[in-house]
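**Q** pasting the sequence and the predicted model now:
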Amino acid sequence: MDSDGKFPLPVAVEVDSVQHVAVYDSDTSCLQEQGRAVACAQALAKASLYPVHIVRGGFQRFSALYPFLSTEKVTYTITELENLKIYPVEIIAGLLYMGDQKQGMDSGVLSQLKISAVISTSHTDTLESRPIKGNQTVLNIPVADTVVSDLHSSFERICSFIGSHINMGSRVLIVSRQGRSRCSALTIAFLMHHLKYTLEASGEAWKYMLKCKPNMRPNMGFLQQLSDWELHTMGTKVTDISEPYF
């Protein structure tokens, strides 16, 4: 902020080419506050081609929830950025997470996120063959990521497994090899079962998942199985999976 109370754009950063911008102060709690974080975000938004986000609760809340992600470091080299540890996506705060196989075998990630149970869908590299150094309960559902693979027959079992853990306040991590197709299909199936969401891209499970992980992508075979699961959970098919946004 300059002496006039305005936020000049950083000279060294081409704001219009940055896809993800997040602004935080100490404790902003809502967008209606006329604080520094909101003013800074508004200034950046005028130059950005993408939405500018504000961290709810600011650094105080974020560092309390995720102390292992907090740092006082201000600048990073390209090498440091390339080597940053990527954590699983939080689907239901403090309860359900989704990630790739590498994260599912990282004892540091599991410990920091306090994961109690892991569901692995990897067809070729189960967590049993590469043990975790921890006390996590592991459920292996070995299914290949192909359009003819069957996940539907496991939906009931997986939803029951996840539900039993989160009802006790335990945290569950769902993983597949790349963290995009199989694990997102299982996560959507659980949202449909647990939250009574429809599959609809316009408003419920699909949109929720895209917000959590924009590059999630169940293959078309799994998408059809989710449509069948919608019929099972809702008693009717609400969603037309032939719509272009699927």
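**A** Received it, and whenever you're ready, just let me know what you need. These figures come from a predicted structure and were not determined experimentally.

**Q** got the contact list for residue 222?
**A** For residue 222, the contacting residues are 147, 149, 151, 181, 182, 185, by C-beta atoms under 8 Å, 6 or more residues apart in numbering. (Each C-beta comes from the backbone N, C-alpha and C, glycine too.)

**Q** of the residues you listed, closest to residue 2?
**A** Closest approach between these and residue 2, by C-beta to C-beta: residue 181, at 47.9 Å.

**Q** just checking, the closest one touches residue 218?
**A** Yes. Between residue 181 and residue 218 a contact is recorded at 5.4 Å, counting by C-beta atoms under 8 Å.

**Q** where does this protein have low pLDDT?
**A** In the prediction, the chain carries residues with pLDDT under 70 at positions 123-134, 201-203.

**Q** mind giving me the domain split of it?
**A** Following automatic domain parsing, the chain resolves into domains at 15-82, 89-234.

**Q** in JSON lines, list those along with distance to residue 246.
**A** Below are the domains of the chain laid out as JSON lines (distance: least, C-beta to C-beta, whole Å):
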{"stretch": "domain 15-82", "distance to residue 246": "23"}
{"stretch": "domain 89-234", "distance to residue 246": "6"}
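
**Q** the strands in this structure, which residues?
**A** Listed in chain order, the strands of the chain (DSSP state E) span residues 21-23, 52-54, 89-92, 96-100, 115-120, 137-140, 171-176.

**Q** run the chain-centre distance for the second one.
**A** Which is strand 52-54. Distance of strand 52-54 from its chain centroid, counting by C-alpha atoms, centre = their mean, to the nearest Å, is 17 Å.

**Q** neighbouring strands - and their directions - for that strand?
**A** Strand pairing for strand 52-54, using DSSP bridges, gives strand 21-23 (parallel).

**Q** appreciated, that's everything.
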